[in-house]
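S.K.: here is the input, now give the coordinates:
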Amino acid sequence: MAGLDFIDSGPFIARLAFLPALRNTPAVQMMVTQITEKLMASYAKVGGINHLDGKNLPSKNAISSITVDLLFLLFPGFFNEQPIHSSELKVETATLLDSVFGRLEDEVYKSLLHSVCARSGTADPRKCAHQITADFLARLPEVRELLQTDAEAAFQGDPAAINKEEVIVSYPFIEAIAVQRMAHLLYTDGVAFIPRMMTEWAHSRSGMDIHPGAVIGSHFFVDHCTGTVIGETCIIGKNVKMYHGVTLGARSTSGGQELRGQKRHPTIEDDVTIYPGATILGGETVIGAGSTIGGNVFLMSSVVANSLVINEDINVKIMSKKDRRAGTVDFQI
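M.R.: Predicted structure coming up:
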């Protein structure tokens, strides 16, 4: 076969085909040069690159690595490949905490160079980054306590769960809510970039998209969690159980940046259950305590406490797009 090399070995003939190596010919060099020039022109015209010669943005790889180590600190032995003996736990924790402190402070410092330092009394971004990082890490025990309530809610809410240890080690929801609860602390401290980078890392692993700005009470559980979306200004009470595919979103984002800072996402009060595929939209929408929202329900209005909301007599209408009535509300999540 032309263009292929064959290797014979021993008494048996092993016909292994290998494509010839691409040679570094003048034509290849010219192609690389042309592509490089086009990329440089794109960098100058479109942007979308880091500030190479000045204030660099936080590193995506660094934040991913730090987030993993934070999970190690929250759940010793659950996310580590190597077993940890109880006699070594204190030293291992101190060593890892020291490493996370330095690396996270550097990334927070980069973030603060692009935003206003939220801490009053200091205009020094480095000092501000140090204080924010120290305060954040000091609250990890508080986060652990909240996560224990989430693990308990998951165990009690899922008859398939063997015990809380299985919930922690295998349920993607626990990883997603653990990262969100940590990211929320940095978000409320005014740290830019990093909180969203953390939750998007968890999103890519769990399929659950929780904005770091969402306020979420204790004993929270999302069964299966895949496809769930929780918007930035959501407020979720205690003992709320949701299922996969639930969207807590905004009625419309067509206003763009003019909507920044406004409450755009719903409030879910205590002891609410929301079944798969439900969509609840709007900053003024409140789901009253003790209510149950059925599967695939679409809501843009509030319901009083202890309500049961289900679909009934659903009709599907098919029409031509050109015949659709003008002025239809544009719903975007």
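
S.K.: low-scoring pLDDT stretches of the protein, where are they?
M.R.: Within the chain, the segments meeting pLDDT under 70 span 1-24, 48-55, 79-86, 116-122, 324-333.

S.K.: check the offset of the longest helix along it from the chain's centre.
M.R.: Scanning the chain for the helix with the most residues, using DSSP state H, yields helix 89-112. Relative to its parent chain, helix 89-112 has a centroid offset of 21 Å by C-alpha atoms, centre = their mean, to the nearest Å.

S.K.: for it, buried residues please.
M.R.: 92, 96, 100, 103-112 (16 or more other C-beta atoms under 10 Å). Bear in mind the C-beta positions are built from the backbone N, C-alpha and C, glycine included.

S.K.: using PDB, list the CA coordinates for it.
M.R.: Provided in PDB are the C-alpha atoms of helix 89-112 (Å, rounded to 0.1, in the frame of the first residue of the first chain):
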ATOM      1  CA  LEU A  89      -4.700  14.400  59.600                       C
ATOM      2  CA  LYS A  90      -3.700  17.500  61.500                       C
ATOM      3  CA  VAL A  91      -0.400  17.800  59.700                       C
ATOM      4  CA  GLU A  92      -1.900  17.000  56.300                       C
ATOM      5  CA  THR A  93      -4.600  19.600  56.800                       C
ATOM      6  CA  ALA A  94      -2.200  22.300  57.900                       C
ATOM      7  CA  THR A  95       0.100  21.700  55.000                       C
ATOM      8  CA  LEU A  96      -2.800  21.700  52.400                       C
ATOM      9  CA  LEU A  97      -4.400  24.800  54.100                       C
ATOM     10  CA  ASP A  98      -1.100  26.700  53.800                       C
ATOM     11  CA  SER A  99      -0.700  25.800  50.200                       C
ATOM     12  CA  VAL A 100      -4.300  26.800  49.400                       C
ATOM     13  CA  PHE A 101      -3.900  30.100  51.300                       C
ATOM     14  CA  GLY A 102      -1.000  31.200  49.200                       C
ATOM     15  CA  ARG A 103      -2.300  30.100  45.900                       C
ATOM     16  CA  LEU A 104      -5.800  31.500  46.500                       C
ATOM     17  CA  GLU A 105      -4.500  34.800  47.700                       C
ATOM     18  CA  ASP A 106      -2.600  35.200  44.500                       C
ATOM     19  CA  GLU A 107      -5.700  34.600  42.400                       C
ATOM     20  CA  VAL A 108      -7.800  36.900  44.600                       C
ATOM     21  CA  TYR A 109      -5.100  39.600  44.200                       C
ATOM     22  CA  LYS A 110      -5.400  39.300  40.400                       C
ATOM     23  CA  SER A 111      -9.100  39.600  40.600                       C
ATOM     24  CA  LEU A 112      -8.900  42.800  42.800                       C
END
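
S.K.: following it, which helix or strand comes up?
M.R.: helix 125-138 (DSSP states H and E).

S.K.: which strands and helices lie in contact with that next one?
M.R.: Secondary-structure packing of helix 125-138 (3 or more C-beta pairs under 8 Å, 6 or more residues apart in numbering; DSSP states H and E): helix 89-112, helix 172-188.

S.K.: how about a markdown table for the ones you listed, with distance to Glu37 added?
M.R.: Output for the helices and strands packed on helix 125-138, formatted as a markdown table (distance: least, C-beta to C-beta, whole Å):
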| stretch | distance to Glu37 |
| --- | --- |
| helix 89-112 | 30 |
| helix 172-188 | 40 |
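
S.K.: relative to Ser42, which of those is closest?
M.R.: helix 89-112 (24.2 Å; C-beta to C-beta).

S.K.: residue contacts, the residue nearest to the spatial centre of the chain?
M.R.: For the chain, the residue whose C-alpha lies nearest the mean C-alpha position (C-alpha atoms, centre = their mean) is Thr199; its distance is 2.4 Å. By C-beta atoms under 8 Å, 6 or more residues apart in numbering, the contact set of Thr199 is Ala176, Val179, Gln180, Ala183, Asp209, Ile210, His211, Pro212.
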